[in-house]
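Visitor: Predicted model follows, preceded by the sequence.
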Amino acid sequence: MSKYFIGIMTGTSADALDGCVVSFEDKFELICSASLTLDSSYKRDYEECIREGSKNTNESKKLFELENILNQKTIELINLLLKKADIDISQVSSVGFSGQTVFHTNEKSYQIGNPAYISELSKIDVYSDFRNFDIKNGGIGAPLIPAFHKYLYAVEKDRIIFNIGGIANGTYLKKGEVAIASDVGPGNCLLDYVSSKSFDKPFDDGGSEAAKGEIDNLLLKQLIDKCDAMTYPRADDKQDYYRLKELFTNIEPNSLLRTLAELSAEKIKDFYEYCGKPEEVIFHGGGTKNKFLMSLIKNKISGFVRTTDDEISSKFVEAAGFAYLAYLKKGEIFKTKL
């Protein structure tokens, strides 16, 4: 069996394609990692497809074009990782490829990105379609990384691992076992939406714009009331949160960002309390770079808070997680034609 696995990930923030080469031979080893930026036009068109309710590439020319971009970027990233790791394809067992989620329900999920094409061009077997694989095997298709959270962090003490991406999710490890894993709240997606619309920036860097605003308590209550109807465990669709935009009326942009940051922090706190306030809380994902958001979260959580950076950069946890799912063969395989 070849020693190495490659993980390729792009999340609901749609701003970058992250990848890594890893080994699980004796213990977890990160060999190398790399990212390719996705143009702002990619993110804009992706968000537009979600808002329009596009379902597949046959129905949407724009979605078809996005898939072609993602395919080419994925091949480019695989080649870059092979070069950085100084290995050839014969040493790689398989690639775990997340695809780009367009819509998700507990019964069906759809991602762009063509794993058969990627396998054909890379000459490496590709595992993908992880969400539908999970649904077929009794799950709800998300979150997908709890198995990797357990692999990295299973110890006797209780822990929660949160990923703050476009959507935030949490894995509660109770005495080393996954007690519950669930999407928990909007994470970055609403913050990014307002930052793009009001400030022409893909995200609120460090939370600097949110920090200038004031909480709109009426809006916050309305948002929390909407989200409180969502129970655990669950798999959220980005569209679920975009529907909340109808409440964003006549609110100054900085105060809207401040209110949405509070909402994201509150929903993380809610899951933390639901799990009995475990003594350690570990974070990864793009949201960890939002210093203002992280300060809000730390003020709401009594446990010891840290990021995954001691083990692996928070940016690459999900990419490594998809490599681990390929290692476990927990997805559909698309075999290369040698």
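Guide: That came through, no problem. Predicted model, so just to flag it, every value in this text is computed and none were measured. Residues are numbered from 1 along each chain as shown.

Visitor: So for stretch 149-163, could I get the coordinates as CSV, restricted to C-alpha?
Guide: C-alpha atoms of stretch 149-163 as CSV (Å, rounded to 0.1, in the frame of the first residue of the first chain):
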residue,chain,number,x,y,z
HIS,A,149,-11.3,15.0,15.2
LYS,A,150,-11.5,11.7,17.1
TYR,A,151,-8.3,10.4,15.5
LEU,A,152,-6.4,13.5,16.6
TYR,A,153,-8.0,14.3,19.9
ALA,A,154,-9.4,11.2,21.6
VAL,A,155,-8.3,11.3,25.2
GLU,A,156,-10.1,10.5,28.5
LYS,A,157,-11.1,14.1,29.2
ASP,A,158,-14.0,15.7,27.4
ARG,A,159,-13.4,18.1,24.6
ILE,A,160,-15.3,20.0,21.8
ILE,A,161,-13.6,20.7,18.5
PHE,A,162,-15.2,23.5,16.6
ASN,A,163,-14.7,24.3,12.9
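
Visitor: and it, what's its mean pLDDT?
Guide: In this model, stretch 149-163 has an average pLDDT of 95.

Visitor: Would you indicate which residues of it are buried?
Guide: The neighbour-count check on stretch 149-163 (16 or more other Cβ atoms under 10 Å) flags 149-153, 158-163 as buried. Bear in mind the C-beta positions are built from the backbone N, C-alpha and C, glycine included.

Visitor: Closest to residue 299 out of those residues?
Guide: The closest of those to residue 299 turns out to be residue 162 (Cβ to Cβ; 15.2 Å).

Visitor: now that closest one, what's its secondary structure?
Guide: strand (DSSP: H, G, I helix; E, B strand; the rest coil).

Visitor: With residue 226 instead?
Guide: Quick answer, by three-state DSSP: residue 226 is helix.

Visitor: I figured it was touching residue 241, is that so?
Guide: No - here residue 226 lies out of contact with residue 241, judged by Cβ atoms under 8 Å, at a distance of 9.3 Å.

Visitor: quick one: contacts for residue 94?
Guide: 5-6, 124-127, 326-327, 333 (Cβ atoms under 8 Å, 6 or more residues apart in numbering).

Visitor: quick one on the thing from earlier: just send the buried residues of stretch 149-163 back as CSV, with distance to residue 136 too.
Guide: As requested, the buried residues of stretch 149-163 are exported to CSV (distance: Cβ to Cβ, whole Å):
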residue, distance to residue 136
149, 22
150, 21
151, 22
152, 26
153, 27
158, 31
159, 29
160, 28
161, 25
162, 27
163, 23
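
Visitor: how many neighbours does residue 201 have?
Guide: 15 (other Cβ atoms under 10 Å).

Visitor: Which residue comes closest to it once chain neighbours are left out?
Guide: In space, residue 201 comes closest to residue 195 once its chain neighbours are excluded; the distance is 4.9 Å by Cβ to Cβ, 6 or more residues apart in numbering.

Visitor: Same check on residue 255?
Guide: Residue 255 sits nearest to residue 213 (Cβ to Cβ, 6+ apart), 3.8 Å away.

Visitor: for that neighbour, helix, strand, or coil?
Guide: Applying three-state DSSP: residue 213 is coil.

Visitor: Does it touch residue 262 like I think?
Guide: No - Residue 213 sits out of contact with residue 262 when judged by Cβ under 8 Å, with a separation of 9.9 Å.

Visitor: Of these two, which one has the most company?
Guide: More crowded of residue 213 and residue 262, by other Cβ under 10 Å: residue 262, with 22 against 19.
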